[in-house]
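Enquirer: What shape does this take:
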Amino acid sequence: MPTPCRDGAEDGGRLFEAHPEVSFWALAGKTPLGPRKKSWAGQMARRSLLEAAGVALPDALGEAGRVPPDDVLDAAAAAWSAHRIAQGSASPLPDPPERDRHGRPIAIWY
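Expert: Numbers count the residues shown, from 1 in each chain. Below you'll find the model as predicted:
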């Protein structure tokens with residue numbers, strides 16, 4: 001049996017969408033980041049934003065260190081959004097969210 005979401009709609013399996021660049025936009029005070037995510041400056045800016053939000057990535061990542069750095073940063077940003085969703089403090093984009101035919105919110109959460 002579905003349970004109600006905090007917005008009153010049934011959760012329908014609790015599906016949420018997050019997008020790393022939206023998360024980084026939010027972490028940067030809702031301003032776009034200038035440097036591209038594949039550039040050194042872009043990666044350092046994203047890592048700094050994550051660290052300021054309490055998501056400290058170690059220098060040595062073990063097996064995860066085999067993937068491109070921007071993928072690691074994107075995963076960390078998605079985890080930041082997932083944590084906010086779990087706490088009930090995430091925000092939707094658009095706000096208010098659109099609704100599907102079952103009344104479930106359709107939005108990117110950050």
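
Enquirer: and I106, that's in a strand?
Expert: Yes - counting by DSSP: H, G, I helix; E, B strand; the rest coil, I106 falls inside a strand.

Enquirer: Name the residues linked to it by a beta bridge.
Expert: Taking DSSP bridges as the rule, I106 bridges to E98.

Enquirer: for it, what are its contacts?
Expert: By C-beta atoms under 8 Å, 6 or more residues apart in numbering, the residues touching I106 are P97, E98, R99, D100. Any C-beta I mention is one placed from the backbone N, CA and C, and that applies to glycine too.

Enquirer: Tell me the spacing between it and P20.
Expert: Counting by C-beta to C-beta, to the nearest Å, the separation of I106 from P20 is 19 Å.

Enquirer: what residues does stretch 72-84 touch?
Expert: Here stretch 72-84 makes contact (C-beta under 8 Å, 6+ apart) with 16, 18-20, 22-24, 27, 37, 43, 46-47, 50, 53, 55, 57, 61, 64-65, 90-91, 109-110.

Enquirer: scratch that, stretch 36-55
Expert: Applying C-beta under 8 Å, 6+ apart, the external contacts of stretch 36-55 come out as 21, 24, 27-28, 33-35, 56-57, 68-70, 73-74, 76-77, 79-80.

Enquirer: which parts of it are buried?
Expert: K37, G42, Q43, A45, R46, R47, L49, L50, A53, V55 (16 or more other C-beta atoms under 10 Å).

Enquirer: Quick one: the helices in this protein, in order.
Expert: Assigned by DSSP state H, the helices in the chain fall at 20-27, 40-52, 69-87.

Enquirer: Would you reformat those helices as CSV and include mean pLDDT?
Expert: Shown next, in CSV, are the helices of the chain (pLDDT from 0 to 100):
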stretch, mean pLDDT
helix 20-27, 98
helix 40-52, 98
helix 69-87, 97
